[in-house]
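Peer 1: sequence and predicted structure are below.
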Amino acid sequence: MSDPSPAAAKAKRSSPKTPGRRELRRYLDGLSKDELIEQLTRLFADFAPVRELYQARLSAGDDTATRDKYKRIIDREFRLYGNPRVSAARKAVLDYQKVAGSVEGVADLMIHYVERGIAFAASCGYDVPSFYTSMETMWGDAMLHIKKHDLQDRFEKRCLRVLAAANHCGYGVEDVLTGEFFEVFVDPEDE
């Protein structure tokens, strides 16, 4: 079988393109203010993520109710004596990040994920390496987020409690979490 002709290859590459941001901007530029408001209120009514985004924005950064919804999802996935769906709990964190009203809220949910995961593992002796890898990854993401947004004072005590709980974990989890903690919370000049 021979390679397709150059004309056929070009036709295949030039199939209809899905509109992107540029096309959306052009479309929105052509709408009146009233038409834009109508479209946004319709999106707000029809799509939960859009509603959560604007509820967070409209409540002056206090998106506690929205964050609590995602905490309940994480809690459900790490319930005692269950088979945790780490991917669903992680998705809750990622979904919340898209609608978060504050940088503190994101750090809070990331740490909550690790707290609940470690508590789950300790309570029922859950001993799966990939589970602990997920805890380490989320902890690392939380530490980077805390450092980036200078939230050390807000989360230091809570993170220390997580480290204390992690001493019951296997696979060197406590060492990994502690190392990342010290990279964020200890001033090199203090050493």
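Peer 2: All right, it came through fine. Residues are numbered from 1 along each chain as shown.

Peer 1: how about Leu31, secondary structure?
Peer 2: coil (DSSP: H, G, I helix; E, B strand; the rest coil).

Peer 1: ramachandran coordinates for it?
Peer 2: phi -90, psi 150 (degrees, to the nearest 10).

Peer 1: quick check: phi and psi on Phe78?
Peer 2: Per degrees, to the nearest 10, the backbone of Phe78 is at phi -110, psi 30.

Peer 1: per-residue confidence for it?
Peer 2: The model reports Phe78 with a pLDDT of 91.

Peer 1: helices or strands up against the longest helix along the chain?
Peer 2: Ranked by residue count and defined by DSSP state H, the top helix of the chain is helix 103-124. Contact partners of helix 103-124 among helices and strands, from 3 or more Cβ pairs under 8 Å, 6 or more residues apart in numbering; DSSP states H and E: helix 64-77, helix 86-99, helix 129-148, helix 152-166. Any C-beta I mention is one placed from the backbone N, CA and C, and that applies to glycine too.

Peer 1: Ala89: how many residues sit nearby?
Peer 2: Neighbourhood size, Ala89 [other Cβ atoms under 10 Å]: 23.

Peer 1: what's Asp34 in contact with, if anything?
Peer 2: By Cβ atoms under 8 Å, 6 or more residues apart in numbering, the contact list for Asp34 is empty.

Peer 1: that older thread, as CSV, the helices and strands packed on helix 103-124 with distance to Tyr27 would be great.
Peer 2: CSV is the format used below for the helices and strands packed on helix 103-124 (distance: least, Cβ to Cβ, whole Å):
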stretch, distance to Tyr27
helix 64-77, 29
helix 86-99, 22
helix 129-148, 34
helix 152-166, 41
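
Peer 1: to Gly172, which of the ones you listed lies closest?
Peer 2: Counting by Cβ to Cβ, Gly172 lies closest to helix 129-148 out of the helices and strands packed on helix 103-124; the figure is 8.6 Å.

Peer 1: go ahead and confirm Gln39 touches Gly30.
Peer 2: No. The criterion here is Cβ atoms under 8 Å, and Gln39 misses it with Gly30 at 11.9 Å.

Peer 1: of those two, who's got more company?
Peer 2: Relative neighbour count places Gln39 above the other of Gln39 and Gly30, with 13 against 8, counting by other Cβ under 10 Å.
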